[in-house]
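Peer 1: Compute the structure for the input listed below.
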Amino acid sequence: MPGYCVQGTVGTQVLGGAKKIEIENRQTVEVKLSVEYMSFSAHADAKGIMQLMQYCQPKNVLLVHGERKKMDFLKKQIQTELGIDCFMPANGETAVIKTAPPVRAVIDQGILMKSKQKYEMNPPDPKRPCLVHGVLVVKDD
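Peer 2: Residues are numbered from 1 along each chain as shown. Sure, this is the predicted structure:
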């Protein structure tokens, strides 16, 4: 969500909707993201930026412009107060943001009760999500 990108940069290409862009050494990269342009002041205080993050509810935040100490402070605020992953790459550094689609599963209560007995856990509440470690096998697509 950039406020400004210099003409002719990778940022302007992505904002323009390019699906492939050429980067250093004439390497072509497929663009697999969406970017929303939003005009806002890059000089807003931390409070304003935090309000923006609460409103937009992004999954990840990438801080790329500002004074190092202030960005460190903001990064910690975003992570602790909002629970959002926040990255702050140096100029020229690549940021790798891992994503994983959530997999929801409905599990028979009998299986959960067996796990409870095996691991001496409290009985699971059928009305609340429960973390279960296991293997998901998909058959026939």
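
Peer 1: Would you mind identifying the next helix or strand past the lengthiest helix in the chain?
Peer 2: In the chain, taking DSSP state H as the definition, the longest helix is helix 68-82. Downstream of helix 68-82, the next assigned helix or strand under DSSP states H and E is strand 85-87.

Peer 1: which residues sit against the longest helix of the chain?
Peer 2: Outside helix 68-82, the residues within contact range by C-beta atoms under 8 Å, 6 or more residues apart in numbering are 46, 49-50, 53-54, 61, 63, 66, 84-86, 88. Every C-beta, even on glycine, is put in place using the N, C-alpha and C of the backbone.

Peer 1: so where's the chain shaky on pLDDT?
Peer 2: Within the chain, the ranges that satisfy pLDDT under 70 run 1-4, 37-44, 118-134, 141.

Peer 1: hmm, try it at 90
Peer 2: 1-17, 21-27, 29, 31-60, 62-74, 89-141 (pLDDT under 90).

Peer 1: all strands for it, in order.
Peer 2: For the chain, the strands defined by DSSP state E occupy 20-23, 27-30, 60-62, 85-87.

Peer 1: Mind putting those strands into JSON lines with mean neighbour count and distance to Ala105?
Peer 2: What follows is those, written out as JSON lines (neighbours: other C-beta atoms under 10 Å; distance: least, C-beta to C-beta, whole Å):
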{"stretch": "strand 20-23", "mean neighbour count": "12", "distance to Ala105": "36"}
{"stretch": "strand 27-30", "mean neighbour count": "9", "distance to Ala105": "31"}
{"stretch": "strand 60-62", "mean neighbour count": "16", "distance to Ala105": "25"}
{"stretch": "strand 85-87", "mean neighbour count": "16", "distance to Ala105": "24"}
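
Peer 1: So which residue is smack in the middle of the protein?
Peer 2: Closest residue to the average C-alpha location of the chain: Asn60 at 2.9 Å, with C-alpha atoms, centre = their mean.

Peer 1: so who does that one touch?
Peer 2: Residues in contact with Asn60 (C-beta under 8 Å, 6+ apart) are 84-87, 97.
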